[in-house]
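In: Quick one: sequence plus predicted model below, questions after.
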Amino acid sequence: QVQLEESGGGLVQPGGSLKLSCSPSGRTFNVYTAGWFRQAPGKEREFVASISWNGGIRSYADSVKGRVTISRDNANSMVYLQLNNLKPEDTAVYYCAVDRNRPAAARRSRDDYQYWGRGTQVTVSL
């Protein structure tokens with residue numbers, strides 16, 4: 001069992017930046033693929049970014065490419081999502097997730113992830 005906790009969300013003005021963090025408890029997730037998803041009110045949860053177990057493969061949604069960077073620090077069992085040049089349409093609850101089955105991949109489908117955090121709210125507004 002992997003339990004995930006996100007942090008770093010908040011209120012930011014358009015053009016601002018945030019760095020989200022994801023930390024696990026329980027079994028180490030250093031050998032698993034990790035991903036970030038988001039869900040805006042009234043919308044389905046959508047893929048944002050993912051990273052393979054060693055960081056060698058990274059994948060980004062087209063809507064955030066160039067503005068978002070996913071990274072991980074396996075020595076400290078952390079995964080990060082750096083959000084830059086934020087837009088109002090980035091407002092959502094951001095979720096960290098783990099795929100234990102495909103460590104060398106960076107999947108984009110939420111169905112590929114078995115463990116989820118509870119999310120952290122990101123609000124982009126004046």
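Out: The structure has been received and is ready for your questions.
In: any idea which helix or strand comes after the worst-scoring helix or strand of the chain on mean pLDDT?
Out: The weakest-scoring helix or strand in the chain, judged by mean pLDDT, DSSP states H and E, is strand 18-26 (a mean of 90). Toward the C-terminus, strand 18-26 is succeeded by strand 33-39 as the next helix or strand (DSSP states H and E).
In: Can you list the strands that that following strand pairs with?
Out: strand 46-51 (antiparallel), strand 92-99 (antiparallel) (DSSP bridges).
In: re earlier: quick one: buried residues of the least confident helix or strand of the chain?
Out: Neighbour-count burial for strand 18-26, counted by 16 or more other Cβ atoms under 10 Å, picks out Leu18, Leu20, Ser21, Cys22, Ser23, Pro24. To be clear about C-beta, it is placed using only N, CA and C from the backbone, and glycine gets the same treatment.
In: in the sheet, who's paired with the fourth one?
Out: With DSSP bridges as the criterion, the beta-bridge partners of Cys22 are Glu6, Val79.
In: so it sits right up against Val79, yeah?
Out: Yes. In terms of Cβ atoms under 8 Å, Cys22 counts as a neighbour of Val79; the distance is 4.3 Å.
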